[in-house]
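Visitor: next come a sequence and a model predicted from it.
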Amino acid sequence: MSGRVLKACLAVAFLVTLRMAGWGPSALAQVGVEAAKPGTPCACPVITRDGDRIRSACPWPTGRVETAVILLEKVTPSNVLLARPFDYDLVVKNLTPCPLNDVVVIEHLPPTLEFKRAIPKESSLTANDIKWSLGQLKGHESKVINVTVVPKTTGPLTTCADVFYKMEICMAVTVDQPKIELSKTGPAEVILCDPISVKLVVTNTGTGVAKNVKIRDMVPDGLTTSDGRRVAEFEAGDIPAGESKHFSLVLKPERTGKFDNRAVATGEPDLTAEASMSTIVRQPVLDISKTASRQKVYLGQNVVFSITVANKGDAPAKDTVIKDVVPAGSSFQAASDGGQLSQNTVTWNIGTLRPDESKKVTLTVRGDEITKVMNTATAEAVCAAPVSASAPTEFAGIPAVLLEVIDIEDPVPLGENVTYVIEATNQGSAIDRNIKIVAIFEPNHQYVSSIGATLGAYDANAHSITFDPFPGLLPKAKAFWRVTTKAVKAGDVRIKVIMTTEMTTRPVEETEATHFYE
């Protein structure tokens with residue numbers, strides 16, 4: 001919008017006219033030098049005389065300097081000579097402390113005046129209209145235009161001036177465009193028993209307020225929130241420009257694999273953003289095997305158990321521990337790789353097993369008691385399922401039956417009896433069964449009687465006595481038999497005892513000599 005003001009028209013013969021642009025011809029009025037008095041509300045122009053010069057002034061738009069915006073003054077001589085040049089001034093002053101833009105002054109000359117020049121130089125000259133584009137008037141700034149003209153006729157001459165300035169009413173309206181961005185961060189890898197800590201950050205990177213912002217996180221199959229949900233939602237509310245809101249989410253893996261987790265943020269008006277992250281869930285998987293150096297060992301001998309633990313998973317097996325209980329009936333002898341015995345259990349702390357890595361340890365024990373055992377070792381690690389493996393071993397004994405035959409009386413006179421004691425002693429570590437005793441006499445003997453651990457049957461033709469089998473002789477146990485004969489013929493006489501057992505592959509023979517005399 002622009003304001004246009006015709007401030008003052010001054011006749012050389014003391015005639016002044018005022019015209020306001022847009023008011024039309026009816027707004028023009030001719031007044032004498034005794035015009036409206038200064039200070040009269042809306043009185044414009046105010047004409048004063050200063051010696052031989054006449055000053056016409058108009059403060060626009062109120063007519064009062066105190067409340068007006070712009071002042072236009074015209075200062076002319078009161079009398080001039082025909083055909084002689086004369087000067088007059090146009091003064092434009094900004095009455096406000098604020099700048100006025102695009103200020104334009106137009107001087108309208110009658111045909112009876114010839115324009116010669118102006119300082120500053122005019123911007124344009126059209127017919128008898130002279131235009132000055134003064135640009136901006138700073139607060140309380142004044143500019144003076146000096147005009148030189150030549151009168152062509154005598155009598156009253158009238159010149160009129162207009163002043164224009166650009167009047168603007170401005171209102172600043174901020175145009176906002178909020179924009180949201182969503183970031184989502186978390187670990188690239190975890191093991192199955194670890195939580196997945198997720199950070200969500202929604203930021204208003206635009207201008208203005210992003211209203212009613214919400215975040216929705218769609219948890220993929222195989223993961224859940226810490227409270228078992230498949231969807232996590234957050235209310236971010238209103239977010240001013242340049243600000244962010246932070247949220248945390250803890251997810252629990254249910255299985256191994258790669259999981260792509262996507263979240264979407266929405267807001268008003270029509271705002272949306274999304275972010276994704278991928279997490280690989282891994283797990284150590286232990287495998288254990290166990291072997292015995294011998295499936296059967298005899299008492300007093302050692303057996304070595306070899307235990308191998310491997311990580312078959314895709315994550316390190318941290319804090320891997322192997323345990324093996326010393327079997328009943330045996331005693332601990334040694335453990336490899338720093339294995340420690342405590343309360344009959346050997347423990348190996350082997351640390352971390354990387355994927356596809358294995359570790360072998362050994363346990364050495366001695367067989368102390370006859371028994372069959374199934375020795376079991378276990379292994380466990382952080383986030384790995386415990387595993388176990390067994391190896392059977394028999395701790396066996398060896399029977400060793402000693403046969404002894406002694407005569408209680410020696411020498412023996414004819415007609416007297418002699419008693420032979422037969423003793424079987426198991427010096428071994430295992431029971432021996434079906435111990436059979438057969439005693440064979442020379443003809444110098446006459447069978448009298450027999451007693452002992454089992455009953456005996458005498459065979460006169462063979463000059464022998466055969467005892468029923470003794471069912472089982474325990475380790476360190478003894479069995480006795482007594483045979484009594486009569487000396488019937490003098491000489492160096494022998495009795496032979498033959499023993500067979502379940503464990504012996506050949507008969508054991510023992511001979512006792514007795515001297516029969518007359």
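Guide: That came through, no problem.

Visitor: show me what the helix or strand hosting residue 199 is packed against.
Guide: For residue 199, the host element (DSSP states H and E) is strand 196-204. Where contact means 3 or more C-beta pairs under 8 Å, 6 or more residues apart in numbering; DSSP states H and E, strand 196-204 is packed against strand 180-185, strand 210-218, strand 231-239, strand 244-253, strand 257-268, strand 271-282. The way it works is simple: take the backbone N, C-alpha and C, and place the C-beta from them, glycine included.

Visitor: what is the residue nearest to residue 511 when sequence neighbours are not counted paired to in the beta sheet?
Guide: Closest residue to residue 511 apart from its sequence neighbours, by C-beta to C-beta, 6 or more residues apart in numbering: residue 496 at 4.8 Å. Judged by DSSP bridges, the bridge partners of residue 496 are residue 440, residue 511.

Visitor: tell me the confidence at residue 496?
Guide: We have a pLDDT of 96 for residue 496.

Visitor: need the contact list for it.
Guide: 439-440, 509-511 (C-beta atoms under 8 Å, 6 or more residues apart in numbering).

Visitor: about what we covered before: out of the helices and strands packed on strand 196-204, which comes closest to residue 332?
Guide: strand 271-282 (37.1 Å; C-beta to C-beta).

Visitor: going by neighbour count, which residues of that closest one are buried?
Guide: Within strand 271-282, the residues that count as buried by 16 or more other C-beta atoms under 10 Å are 271, 273, 275, 277, 279-282.

Visitor: each with direction, which strands does whichever helix or strand comes after that strand pair with?
Guide: On the C-terminal side of strand 271-282, the closest following helix or strand by DSSP H and E is strand 286-292. Sheet pairing of strand 286-292 (DSSP bridges) gives strand 302-311 (antiparallel).

Visitor: pull the distance from the strand it pairs with to the chain's centre.
Guide: 38 Å (C-alpha atoms, centre = their mean, to the nearest Å).

Visitor: which pair of the buried residues of strand 271-282 spans the longest distance?
Guide: Checking these with C-beta to C-beta, the most distant pair is 271 and 282, at 37.2 Å.

Visitor: pLDDT wise, what is the closest residue to residue 128 other than its chain neighbours at?
Guide: Take residue 128 and drop its neighbours on the chain: the residue closest to it by C-beta to C-beta, 6+ apart is residue 109, 4.2 Å away. On pLDDT, residue 109 comes in at 92.

Visitor: show me how the chain divides into domains.
Guide: 2-166, 180-282, 286-396, 401-517 (automatic domain parsing).

Visitor: closest to residue 173 out of these?
Guide: domain 180-282 (12.0 Å).

Visitor: was I right to think residue 141 contacts residue 94?
Guide: Yes: with contact defined as C-beta atoms under 8 Å, residue 141 reaches residue 94; the gap is 5.2 Å.

Visitor: picking up where we left off before, state the distance from the residue nearest to residue 128 to residue 446.
Guide: 190 Å (C-beta to C-beta, to the nearest Å).

Visitor: next one: residue 374
Guide: Remark: distance between residue 374 and residue 446 (C-beta to C-beta) = 59 Å.

Visitor: which of the two has more residues huddled nearby?
Guide: Per other C-beta atoms under 10 Å, whichever of residue 374 and residue 446 has more neighbours is residue 446, with 15 against 9.

Visitor: beta partners for that one?
Guide: Bridge pairing for residue 446 - DSSP bridges - gives residue 486.

Visitor: and what about residue 84, helix, strand or coil?
Guide: Put simply, residue 84 is coil when judged by DSSP: H, G, I helix; E, B strand; the rest coil.

Visitor: residues in contact with the nearest residue to it once chain neighbours are set aside?
Guide: With C-beta to C-beta, 6+ apart as the criterion, residue 84 has its nearest non-adjacent residue at 7.0 Å, and that residue is residue 150. For residue 150, the contact set (C-beta under 8 Å, 6+ apart) comprises 83-86, 113-114, 116.

Visitor: rerun at 7 Å
Guide: With contact set as C-beta atoms under 7 Å, 6 or more residues apart in numbering, residue 150 has these partners: 83-85, 114, 116.

Visitor: look up how far residue 450 lies from it.
Guide: In terms of C-beta to C-beta, residue 150 sits 185 Å off from residue 450.
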